[in-house]
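Undergrad: what follows is a predicted protein model with its sequence.
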Amino acid sequence: MKRAFPALGSQTLGTPALSGALLVVVYTGFIASADGITKLLAGGYAPAQLYALSGAVVAGLCTLACLVARDRSAPARAAITAGLRTRCIRAMGVRSGATVLAALCFFYAFRLLPFAEVFIFIGLMPLLAGLMSAPILGERVRPVAWGALAVGSVGVICVFPGGISALSGGHGVALAASVLGTLSITLSRYIGRYEQNVLAQVFYPNLALCLTMLPVLPFVWQPMPFADVAWALIYAGMLFGARWLLVAALRLLPAFAVTPLMNLQFVWMVVIGGLAFGEAVRPDTWAGAAAIMISGLYLVWDQMGVGRSSLVARLRLPQTDP
């Protein structure tokens, strides 16, 4: 049977680190667009309405992808079963639960905070990923990487509007969203070590999101005009593409190197916030974001150096300066 999607690796775009970095860059455009739609719809609808619809659409797209990519001689049911099979049932269950809770927290964070302020807590995700990598993945974060993460954290502090005293309940919700989102990302890399099935990691969290929201849906349902239905469907498509790209990237880069690159969302969020919601960004916010993104680029560069050294050692070739 054919794979639902081709495996991504060093043969695709060069080194695995570069391939993963490019995938994350595309991911940031998709996910920032999806977040913009979330903020657009958050004021008029409960999260159950958006996530029940989008979760069902994304799960359906995963099933459709299995059918499109199947060997024509294989039965449809067998193709779907093979395309969505997972061997990491417990890890997938925890990842799905973390994804559901993170989605709820991000929904309310976007409702309560300006678009760019949510980035403050997304910017904390690399440090959280570094903390989670050791106990969950057994990945040792090198001292230079911790230094880069520290620079990024300083950048996050610079972005706080009005200092620590300005923190509110919305900021607490955003922090919870970042912790849960980082846990989901870290578990995605853990699962990727044991199976090649990218679609399964997209399918089960979104199915869980849909099934969790369905019992609440009758109590919160609001009629949706056609324009809002269209936005919700676009959101689901963006989410499907973003989550597939992220899972693929996590098979090529450590979680602590992927999450700083995700901070490129800030640029997208500033543009979307300014054009769609009229939100201005202060100079100190730009300065903090620059520090965060520079630390992310350094982490990717450092990871590419580690991969090159490993390759040289395997080939037993002398390592020379570029």
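TA: Happy to help now that I have it. Numbering: from 1, shown residues only.

Undergrad: which residues of the stretch 151-300 of the chain fall in helices?
TA: For the stretch 151-300 of the chain, the helices defined by DSSP state H, counting those that start in this stretch cover 169-192, 198-213, 217-220, 226-250, 255-261, 265-277, 283-315.

Undergrad: can you give me the pLDDT of residue 86?
TA: According to the prediction, residue 86 has pLDDT 88.

Undergrad: what's the nearest residue to it if we skip its chain neighbours?
TA: Excluding its sequence neighbours, the residue lying closest to residue 86 (Cβ to Cβ, 6 or more residues apart in numbering) is residue 200, at 4.5 Å. Placement of C-beta: from N, CA and C, glycine included.

Undergrad: residue 85 is in contact with the one you found, correct?
TA: Yes. Between residue 200 and residue 85 there is a contact at 6.6 Å, judged by Cβ atoms under 8 Å.

Undergrad: the more surrounded of these two?
TA: residue 200 (22 against 11; other Cβ atoms under 10 Å).

Undergrad: hang on, the earlier thing: the residue nearest to residue 86 and residue 217: what is the separation?
TA: 25 Å (Cβ to Cβ, to the nearest Å).

Undergrad: please apply the same query to residue 237.
TA: 21 Å.

Undergrad: same question, residue 149
TA: The gap separating residue 149 from residue 217 is 40 Å, by Cβ to Cβ.

Undergrad: cool, and residue 176?
TA: Using Cβ to Cβ, residue 176 is found at 23 Å from residue 217.

Undergrad: so which of these two has more stuff around it?
TA: Neighbour tally, residue 176 and residue 217, criterion other Cβ under 10 Å: the higher count belongs to residue 176, 18 against 15.

Undergrad: contacts only, for the more buried one.
TA: Contacts for residue 176 (Cβ atoms under 8 Å, 6 or more residues apart in numbering) come out as 101, 105.

Undergrad: thought residue 201 was touching residue 190?
TA: No. Counting by Cβ under 8 Å, residue 190 is not a contact partner of residue 201; they are 10.6 Å apart.

Undergrad: which of those two has more neighbours?
TA: Neighbours were counted for residue 201 and for residue 190 using other Cβ under 10 Å; residue 201 has more, 31 against 22.

Undergrad: so what's that one closest to, chain neighbours aside?
TA: Using Cβ to Cβ, 6+ apart, the nearest residue to residue 201 is residue 247, at 4.5 Å.

Undergrad: what about the one you found, how many residues nearby?
TA: Residue 247: 24 surrounding residues under other Cβ under 10 Å.

Undergrad: ok, now how distant is it from residue 21?
TA: Using Cβ to Cβ, residue 247 is found at 15 Å from residue 21.

Undergrad: residues touching the residue sitting nearest the centre point of the chain, list them.
TA: Residue closest to the mean C-alpha point of the chain, counted by Cα atoms, centre = their mean, is residue 246 at 5.6 Å. The contact partners of residue 246, by Cβ under 8 Å, 6+ apart, come to 23-24, 27, 31, 185, 188, 258.

Undergrad: show me where the stretch 51-200 of the chain dips below the pLDDT cut-off.
TA: Scanning the stretch 51-200 of the chain for pLDDT under 70 picks out 70-74, 116, 155-167.

Undergrad: and the angle from whichever strand or helix holds residue 130 to helix 169-192?
TA: For residue 130, the element it lies in under DSSP states H and E is helix 125-132. With axes from the mean of the first three to the mean of the last three Cα atoms, to 10 degrees as the basis, helix 125-132 and helix 169-192 are set at 50 degrees to each other.

Undergrad: centre of the chain to helix 125-132, how far?
TA: 13 Å (Cα atoms, centre = their mean, to the nearest Å).

Undergrad: next one: stretch 130-139
TA: On Cα atoms, centre = their mean, the centre of stretch 130-139 falls 17 Å from that of its chain.
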